[in-house]
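Colleague: got a structure for you, letters missing:
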Ligand code: FAD
Ligand code: SIN
């Protein structure tokens, strides 16, 4: 009998987590199908700047990295997960080197010079391993795209959005329902499904993420009652360049000496974090920037005291981007705003990246592994993507039993119309009432508005792509606001 399955593994999302898992599984001989909402090149991973936290320096150790991670997590990180992830990163980096990824300063797994590593906030040592320059994500992803797109065991379907997961009558995951940008809806079945859909920072109007980060994977898993944790912990990055579309000014700039000054030209972190100053943890710096914008009208990142040539060469990608907007970082103050940056919570996973649902793995930002707590240590996210991707690959390769296949029925509602402004309006409401300034009253009002919007949306899937996308955004916004109350 012909197999009902379309591939050995279905991977939803083409960021670092999805592609690393895909390549690893394909190298092991499995047939992999990657579905991704936009082009394969669109993901938060491709926007990453600093790099990957790896304890490689002579004055560093996994123990120090673990201690820094736990400190930033403020009691909410899980020590067993922190140990597991940080001890797994060095071998994972060695494996990625064999795939041709060009880590700066790393030869045969050995660091050539410590100043190849970047410094970021709340790290007690230089620890940020970079790929190809200051836009590490783009270089890392370019290598992964090239490898994945050329691998004979990997097929990639772009412009294809997950609407919901397919299950059998035992609530075991057997595939997904997808819609392409031409509104076609179809099911794909697989004995192993990996969610790698990233976070939900783009439910806010101010976000460093691409628009695709709307929490689709979390919404799909929540519908099946998967265990989900800590959605209330959203990380705000303090320094996005305050010009639309927002562009991140990496923490690595502050790691190399950039300062923060308020609208009166006064350095203010002395008041909020007298010891760590601009390199205090993200939560502290973001709240300080928010307050100073309120008090003095603006906040700027100041690199003018650093040697111009250093700024232009060490941060070539960031420098050039700002130049294209008419801002010379070596001469001008850069206006900044905090912005939603990273989803700490997500779908709970164990060390094998298995969720609470049979046959469903979750990796990268969509997952909650316990590595991060109330806040996340900079550059620990790509670390988590890499380690969870390899863990899922190992787990799937070792999988013995196939789940029972059953045809999954789709329920469709009649199409209804949607104003193109709806999504943007909701994002602005989230930013105004559920980011820095939130009260129980503002959150309850917002929740009531979200429920009202939800009541006008179709109960089932719509034949209209935009309606389905908006509905997922509404459901994610509701889950987030509920997590705050
Ligand atoms: P993503 O890279 O976000 O990929 C998610 C994928 O899922 C995308 O391809 C998306 O299109 C797809 N998708 C979403 N919904 C659907 C759907 N319904 N159907 C199909 N596909 C879907 N972390 C670090 O450790 N170091 C850094 O230096 C760093 N810098 C950063 C800079 C910026 C500007 C940003 C935004 C983040 C940064 N981060 C950094 C965080 C880190 O980049 C992300 O956490 C990480 O890349 C997430 O990877 P991922 O593979 O889990 O998800
Ligand atoms: C940055 O470069 O500031 C972002 C790093 C991160 O989010 O880990």
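Modeller: Alright, I've got the coordinates. This one's a predicted model, so the numbers in the text were calculated from it and none came from an experiment. Ligands and ions are numbered 1, 2, ... in the order given.

Colleague: make it CA atoms for all contacts and neighbour counts henceforth
Modeller: Fine.

Colleague: what mean pLDDT does stretch 287-299 have?
Modeller: Per-residue pLDDT over stretch 287-299 has a mean of 98.

Colleague: can you map out the strands along the stretch 151-300 of the chain?
Modeller: 154-157, 160-167, 173-180, 185-189, 193-195, 228-229, 234-241, 247-248, 259-262, 299-302 (DSSP state E, counting those that start in this stretch).

Colleague: touching ligand 2 at all, the last one?
Modeller: No. If you take CA under 6 Å from any ligand atom as the test, strand 299-302 misses ligand 2, and the best it gets is 12.8 Å.

Colleague: any idea how far the closest residue to ligand 1 within the stretch 301-450 of the chain lies from residue 369?
Modeller: At 3.0 Å from ligand 1, residue 379 is the closest residue in the stretch 301-450 of the chain, using CA to the nearest ligand atom. As for residue 379, its distance to residue 369 is 15 Å (criterion: CA to CA, to the nearest Å).

Colleague: tally of neighbours for the residue of the stretch 301-450 of the chain closest to ligand 1?
Modeller: By the criterion of other CA atoms under 10 Å, residue 379 has 22 neighbours.

Colleague: same check, this time on residue 270
Modeller: By other CA under 10 Å, the residues close to residue 270 number 11.

Colleague: these two touch, right, it and residue 277?
Modeller: Yes. Here residue 270 reaches residue 277: they are 5.7 Å apart, a contact under CA atoms under 8 Å.

Colleague: On the three-state scheme, the residue in the stretch 1-150 of the chain that ligand 2 sits nearest to is what?
Modeller: Residue of the stretch 1-150 of the chain nearest ligand 2, by CA to the nearest ligand atom: residue 50 (3.7 Å). At residue 50 the chain is in coil, as set by DSSP: H, G, I helix; E, B strand; the rest coil.

Colleague: Would you check that it makes contact with residue 250?
Modeller: Yes. Residue 50 is within contact range of residue 250, at 6.3 Å (criterion: CA under 8 Å).

Colleague: Looking at the two, which is more packed in?
Modeller: Applying other CA under 10 Å to residue 50 and residue 250 shows that residue 50 carries more neighbours, namely 27 against 23.

Colleague: how about the helices of the stretch 51-200 of the chain, start to end?
Modeller: Along the stretch 51-200 of the chain, counting by DSSP state H, counting those that start in this stretch, helices occupy 62-73, 79-98, 136-150.

Colleague: by how many degrees do the last one and helix 79-98 diverge?
Modeller: Going by axes from the mean of the first three to the mean of the last three CA atoms, to 10 degrees, helix 136-150 is angled at 60 degrees with respect to helix 79-98.

Colleague: Counting by contacts, list what helix 136-150 packs against.
Modeller: In terms of contacts (3 or more CA pairs under 8 Å, 6 or more residues apart in numbering; DSSP states H and E), helix 136-150 is packed against helix 16-27, helix 44-47, strand 154-157.

Colleague: Who is residue 228 paired with across the strands?
Modeller: Beta-bridge pairing for residue 228 (DSSP bridges): residue 347.

Colleague: quick one, what contacts it?
Modeller: When contacts are counted by CA atoms under 8 Å, 6 or more residues apart in numbering, residue 228 touches 218, 222, 345, 346, 347, 348, 368.

Colleague: Quick check: it vs ligand 2, distance?
Modeller: Residue 228 sits 22 Å away from ligand 2, going by CA to the nearest ligand atom, to the nearest Å.

Colleague: Next one: that residue relative to residue 483, how far apart?
Modeller: From residue 228 to residue 483 the distance is 11 Å (CA to CA).

Colleague: just residue 347 next, same as before
Modeller: In this structure, residue 347 and residue 483 are 14 Å apart, going by CA to CA.

Colleague: Name the residue in the two with the higher neighbour count.
Modeller: Neighbours per residue, other CA under 10 Å: of residue 347 and residue 483, the larger number sits with residue 347, 28 against 13.

Colleague: circling back: who are the neighbours in contact with the residue of the stretch 1-150 of the chain closest to ligand 2?
Modeller: Neighbouring residues of residue 50 by CA under 8 Å, 6+ apart: 118, 128, 130, 134, 135, 136, 250, 251, 252, 379.

Colleague: same check, this time on residue 26
Modeller: Contact analysis of residue 26 by CA under 8 Å, 6+ apart lists 32, 151, 153, 154.

Colleague: Low-confidence ranges, the chain, go.
Modeller: The chain contains residues with pLDDT under 70 at 1, 415, 417-420.

Colleague: re earlier: which one of the strands of the stretch 151-300 of the chain is the most hemmed in?
Modeller: Ranked by mean neighbour count, these are led by strand 193-195 with a mean of 28 (mean count of other CA atoms under 10 Å).

Colleague: Turn the strands of the stretch 151-300 of the chain into CSV, including distance to residue 423.
Modeller: Formatted as CSV, the strands of the stretch 151-300 of the chain follow (distance: least, CA to CA, whole Å):
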stretch, distance to residue 423
strand 154-157, 25
strand 160-167, 17
strand 173-180, 19
strand 185-189, 22
strand 193-195, 23
strand 228-229, 24
strand 234-241, 20
strand 247-248, 21
strand 259-262, 32
strand 299-302, 28
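
Colleague: what about these, which gets the closest to residue 287?
Modeller: Closest to residue 287 of these, according to CA to CA: strand 234-241, at 7.8 Å.

Colleague: neighbouring contacts of the closest one?
Modeller: Strand 234-241 is contacted by residues 201, 208, 246-251, 282-283, 285-287, 289, 301, 334-345, 375-376 when judged by CA under 8 Å, 6+ apart.

Colleague: Keep only those of the residues you listed that are in helices.
Modeller: If you go by DSSP state H, the contacts of strand 234-241 have 251, 282, 283, 285, 286, 287, 289 in helices.

Colleague: among the residues you listed, which two are most distant?
Modeller: Pairwise distances among the ones in helices among the contacts of strand 234-241 were taken by CA to CA; the largest, 15.2 Å, belongs to 251 and 287.

Colleague: Please say which of the two ends up with more neighbours.
Modeller: Set side by side, residue 251 and residue 287 show more neighbours around residue 251, with 24 against 17, by other CA under 10 Å.
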